[in-house]
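Peer 1: Sequence and computational prediction follow.
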Amino acid sequence: MTPPPRLLHLLGQISRARSAFEFARASRRPGETQRARLRAILRPNADTEYGRAHGFGDIRDPATFARRVPIMRPADLQPWVERLQRGERGQGERGLLTGEAPLAYVTTTGSTGPAKYVPITASYRTEFQKTVHVAVWHLYRRFPEAFHGRVLYFVGSRRTRVAPDGLDIGAMSGFNFTELPPVVRAAYAWPYELFEVPDLATRGFLALYLAAVRDVTLIAGVFPAPIVYMLRNLVREAPRLAEHVRRGSLPDDLTLTDAQRAFFSRDLGPRPDVADRLARIPDEARNDPSRAVALAMPRLRLTYCWMTSTAGLFVPELQERLGPSVAVRDAIYAACEGWCSIPIGDDAPGGALAITSHFFEFFEVQAHDRGDLSDPRTAEQLEDGRQYYIVVTNSAGLYRYLLGDIVEVCGHHHRTPRIRFVRKAGAASDLCGEKLEEHHVTDAVGAALASLGLRATWFSLVPVTDEVTGAAGHARGGAELRYELYIELAEPAPGGAVDAFGGAVDGALRAHAQGYDFCRSGGLLGAARVRRLPAGRYDAWRQIAVAEGAAEAQLKTAHLVSCAGKVPPALRPSR
């Protein structure tokens, strides 16, 4: 017999205590902790091909490490990964990057750029689990009622393809989830098989059905947009959900194989009590959107997802749909290449640097952008309020790996800096001196939408150069410089609001970005224009992305790109 979720969560909390206490001690001496972490990563990998080439064997401190080991970028890592995938182990079977063979490979793309592959080793898994254990330990203490029922956890597919060495290539979340013991997975409302359903409409209906009947108290994801899309869909699907939950059946039109239909039907039974609540959603959520969640998941107490940078645009709607009884807290800042922060469950976004997991270095943004990588900072040297590029060293074989992310120091936890994600490198545009950054766009478009009572499903701001004669913004050889906002609105909008939206976007950009306002005032930039996408375009693109192996819940949005070519073709408006 499987223990009830509340007991499973309690046992999990006990198992996390050791990591939490270790971090509590370490956070008071970050410099010493990080030096020890560096030595612990290098020592077992000193005899690898990479370790011998860079003298890992007698590196004892960060300064020597920085002098001997070059910065590793994605393009530097991939040839090593390709050798690993071909089954190479290095001279004398000592290993290429690490002394351990990989367990799997995970795919990372960020919000733009081609796919990259990261090897996962047992030691790396132990490292990032420390980050998770400490963060969840604090969450449990802050929100114990969120750990009384089951968890909705968004994951991707562990295997989207197979490497030449026979190992899986897929999503980090899928690897992590499938490595959990079956008894632990019983605390989750969604089985892994849900995320193997390729049709997103079918997957979405099943996700809502299971959420309604399995006593959910916590939602955990990465990007908040999929959670928002799910809650929007809850209102639309409520009548059909009520009908089938009442009978304990699945609709005939779901796109499922016979085996999948049998699997998902296996544990279903009539639930008239839940169906009665679901049937009330259309009427009660009409004036109060939070009633949908209150009726479908009445014991939900916490949602855990990213809240900063581009994710922040979706947070107000998320909070409105969840209602005041459900807290929203910032999740771990992580990538496949490193799990970097430990939020402790408080209101402020960001979290303490994960100093017991990986070794970190930082470059001041200005120094990095002028090509000066001679003066890396370590954890104890970071200054509050300053922004840095983050560099990670871990047991997956990533040594001085430049993540391409900019983070900001936002206070300290004991003596350890707290960091929050600001933006990806390159998420900025400067056609004529406006120095527009992605956070300007996120804030400005969010303000323009709110001012007119509109909501977006997806958007991206694109710099445009049009050949014109005698128009405003006619810099650089008669080419008009301006921006276009590609956007899909979440629901039909009044004509007047749509007509006013273009001016509102341009005005909000001027209000949020001083350089943009200067260039508009001087005639260097033309007014921003809005290009609307038809309803359903973003959903269609998500379906394509999932069919190609992307993790649907981890699709991220780039709110500012360098050119229209960076926008997926399916999301470009027709000219």
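Peer 2: Thanks, I have it.
Peer 1: Just want to check the distance between the nearest residue to residue 158 once chain neighbours are set aside and residue 449.
Peer 2: Spatially, and ignoring its direct neighbours in sequence, residue 158 is nearest to residue 174 (3.5 Å; CB to CB, 6 or more residues apart in numbering). (Glycine included, C-beta is placed from N, CA and C.) Distance, residue 174 to residue 449, using CB to CB, to the nearest Å: 33 Å.
Peer 1: again with residue 330
Peer 2: With CB to CB as the criterion, residue 330 and residue 449 are 22 Å apart.
Peer 1: So for residue 472, what pLDDT did the model give?
Peer 2: We note a pLDDT of 40 for residue 472 in this prediction.
Peer 1: Just give the number of residues close to residue 198.
Peer 2: 15 (other CB atoms under 10 Å).
Peer 1: swap in residue 205?
Peer 2: Neighbour tally, residue 205, other CB under 10 Å: 22.
Peer 1: helix or strand for it, which one?
Peer 2: helix 200-213 (DSSP states H and E).
Peer 1: close enough to count as contact, the residue nearest to residue 158 and residue 195?
Peer 2: Yes. Judged on CB atoms under 8 Å, residue 174 makes contact with residue 195 at a distance of 6.9 Å.
Peer 1: Return every residue with contacts to both of those two.
Peer 2: Common contact partners of residue 174 and residue 195 (CB atoms under 8 Å, 6 or more residues apart in numbering): 155, 156, 157, 551.
Peer 1: Which two of those have the greatest separation?
Peer 2: 155 and 157 (8.0 Å; CB to CB).
Peer 1: shared neighbours of the two, anything?
Peer 2: Shared contacts of residue 155 and residue 157 (CB under 8 Å, 6+ apart): 171, 174, 195, 551.
Peer 1: For ChimeraX, what selects the buried ones among the residues you listed?
Peer 2: Entered in ChimeraX, the line below selects the buried ones among the shared contacts of residue 155 and residue 157, by 16 or more other CB atoms under 10 Å:
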select :171,174,195,551
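Peer 1: Nearest to residue 379, out of the shared contacts of residue 155 and residue 157: which one, please.
Peer 2: Ranked by distance to residue 379 (CB to CB), the shared contacts of residue 155 and residue 157 are led by residue 171 at 29.2 Å.
Peer 1: Pretty sure that closest one sits against residue 161.
Peer 2: No. Look at residue 171 against residue 161 with CB under 8 Å: they stay out of range, at 11.6 Å.
Peer 1: Show me the shared contacts of residue 155 and residue 157 that map onto helices.
Peer 2: residue 174 (DSSP state H).
Peer 1: from the shared contacts of residue 155 and residue 157, which is closest to residue 442?
Peer 2: Using CB to CB, the shortest approach to residue 442 within these belongs to residue 551, at 22.2 Å.
Peer 1: Identify the residue spatially nearest to that closest one, adjacent ones excluded.
Peer 2: Nearest residue to residue 551, sequence neighbours excluded (CB to CB, 6+ apart): residue 156, at 2.3 Å.
Peer 1: how much space between the one you found and residue 108?
Peer 2: From residue 156 to residue 108 the distance is 11 Å (CB to CB).
Peer 1: Between the two, point out the one with more neighbours.
Peer 2: residue 156 (24 against 17).
Peer 1: give the contact list for that one.
Peer 2: Contacts of residue 156 (CB under 8 Å, 6+ apart): 170, 171, 172, 173, 174, 195, 550, 551, 552, 553, 554.
Peer 1: Residue 47 reaches residue 96, doesn't it?
Peer 2: No. Using CB under 8 Å, residue 47 is not in contact with residue 96; the gap is 11.4 Å.
Peer 1: just to revisit the earlier point, any common contacting residues for residue 156 and residue 108?
Peer 2: Common neighbours of residue 156 and residue 108 (CB under 8 Å, 6+ apart) are residue 172.
Peer 1: lowest average confidence, helix or strand, in this protein?
Peer 2: When each helix and strand of the chain is scored by mean pLDDT, DSSP states H and E, helix 475-478 comes last, with a mean of 44.
Peer 1: Next secondary structure after it?
Peer 2: strand 479-489.
Peer 1: Could I get the average pLDDT for that next one?
Peer 2: For strand 479-489, the mean pLDDT works out to 89.
Peer 1: and it, which strands flank it?
Peer 2: strand 456-467 (antiparallel), strand 529-532 (parallel) (DSSP bridges).
Peer 1: for these, which one ends up most surrounded?
Peer 2: strand 456-467 (a mean of 20; mean count of other CB atoms under 10 Å).
Peer 1: Now do that one: distance to the chain's middle.
Peer 2: 22 Å (CA atoms, centre = their mean, to the nearest Å).
Peer 1: quick one: contacts of that strand?
Peer 2: 229, 313, 429, 431, 436, 441, 445, 449, 476, 478-490, 528, 533, 538-539, 557-564, 566-567, 571.
Peer 1: so which strand or helix has residue 84?
Peer 2: Applying DSSP H and E, one finds residue 84 within helix 74-85.
Peer 1: Buried ones in that helix, by neighbour count?
Peer 2: For helix 74-85, by 16+ other CB under 10 Å, it's 74, 77, 80, 81, 84, 85.
Peer 1: next one: stretch 504-522
Peer 2: 504-510, 512-513, 515-520.
Peer 1: Mind listing residues that contact it?
Peer 2: Contacts for stretch 504-522 (CB under 8 Å, 6+ apart): 430-437, 440-441, 443-445, 447-448, 451-452, 483, 485, 525, 527-528, 530.
Peer 1: give me that answer again for 6 Å
Peer 2: 432-436, 440, 443-444, 447-448, 451, 485, 525, 527-528 (CB atoms under 6 Å, 6 or more residues apart in numbering).
Peer 1: likewise stretch 197-211?
Peer 2: In contact with stretch 197-211 (CB under 6 Å, 6+ apart) are residues 152, 189-190, 194, 233-234, 237, 241, 254-255, 264, 297, 543.
Peer 1: how near is residue 408 to residue 446?
Peer 2: 19 Å.
Peer 1: hey, where'd the helices end up in the stretch 301-450 of the chain?
Peer 2: In the stretch 301-450 of the chain, the helices defined using DSSP state H, counting those that start in this stretch lie at 315-322, 365-369, 438-451.
Peer 1: Kindly reformat the ones you listed as CSV and extend each row with distance to residue 28, mean neighbour count and mean pLDDT.
Peer 2: Formatted as CSV, the helices of the stretch 301-450 of the chain follow (distance: least, CB to CB, whole Å; neighbours: other CB atoms under 10 Å; pLDDT from 0 to 100):
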stretch, distance to residue 28, mean neighbour count, mean pLDDT
helix 315-322, 32, 19, 95
helix 365-369, 28, 15, 92
helix 438-451, 32, 22, 92
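Peer 1: do you know which of those lies nearest residue 248?
Peer 2: helix 315-322 (27.1 Å).
Peer 1: and that closest one, what does it pack onto?
Peer 2: helix 225-247 (3 or more CB pairs under 6 Å, 6 or more residues apart in numbering; DSSP states H and E).
Peer 1: I would like the residues contacting whichever helix or strand residue 276 is part of, please.
Peer 2: If you go by DSSP H and E, residue 276 is part of helix 272-279. Applying CB under 6 Å, 6+ apart, the contact partners of helix 272-279 are 212, 213, 238, 241, 242, 245, 246, 295.
Peer 1: quick one: average pLDDT of that helix?
Peer 2: 98.
Peer 1: after that helix comes which helix or strand?
Peer 2: Counting by DSSP H and E, the next helix or strand C-terminal to helix 272-279 is helix 281-284.
Peer 1: Please point out which parts of that following helix sit buried.
Peer 2: By neighbour count on 16+ other CB under 10 Å, the buried set for helix 281-284 is 281, 284.
Peer 1: That's all I had, so thanks and see you.
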